[in-house]
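[1] Below: sequence and its predicted model.
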Amino acid sequence: MAGFYVDRKLILNRKGQIVHRLRNNSGGTVNAGAPVIFDTTTTDAFTTTATQNDPKVAGICLQTVANQGTAEILWMGFTDLVKADG
């Protein structure tokens with residue numbers, strides 16, 4: 001991935017977004033725009049939640065990714081992909 005590493009895990013990409021590169025550990029496909037949370041069973045993965053106001057929010061998944069695939073997770077910046085109910 002092209003970009004500048006802000007620290008060991010955060011990357012400043014060409015769109016001016018700060019993203020994580022994390023593995024999908026949700027058990028299924030996660031669509032672009034889905035809010036995701038940090039997976040508490042490992043340090044390099046995310047999963048999904050249906051819990052309102054979940055404090056483990058990692059960010060917004062920026063691409064559709066199959067289970068165990070790796071995706072960019074928006075941590076800071078702007079996107080028009082956000083999909084949430086409620």
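    Thanks, I have it.
[2] contacts for stretch 37-50?
    Residues outside stretch 37-50 that contact it (C-beta atoms under 8 Å, 6 or more residues apart in numbering): 20, 22-27, 30, 34-36, 54, 56-58, 61, 73. To be clear about C-beta, it is placed using only N, CA and C from the backbone, and glycine gets the same treatment.
[3] of those, buried ones?
    20, 22-26, 30, 34-36, 58, 61, 73 (16 or more other C-beta atoms under 10 Å).
[4] And stretch 22-33, how far out from the chain middle?
    How far stretch 22-33 lies from its chain's middle: 8 Å, per C-alpha atoms, centre = their mean, to the nearest Å.
[5] Residues touching it, excluding its own?
    36, 39, 41-42, 44-48, 58, 60-71, 73, 79, 81-83.
[6] What strands line up against the helix or strand containing residue 74, and which way round?
    Element membership for residue 74, per DSSP states H and E: strand 70-76. When pairing is defined by DSSP bridges, strand 70-76 lines up against strand 18-24 (antiparallel), strand 57-61 (antiparallel).
[7] Using CSV, write out every CA atom in that strand.
    What follows is strand 70-76 as a C-alpha-only set of coordinates in CSV (Å, rounded to 0.1, in the frame of the first residue of the first chain):
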residue,chain,number,x,y,z
THR,A,70,-7.0,-7.7,4.9
ALA,A,71,-8.6,-4.3,4.4
GLU,A,72,-7.9,-0.7,5.1
ILE,A,73,-10.0,0.6,8.1
LEU,A,74,-10.5,4.4,8.2
TRP,A,75,-9.4,5.7,11.5
MET,A,76,-9.3,9.4,10.8
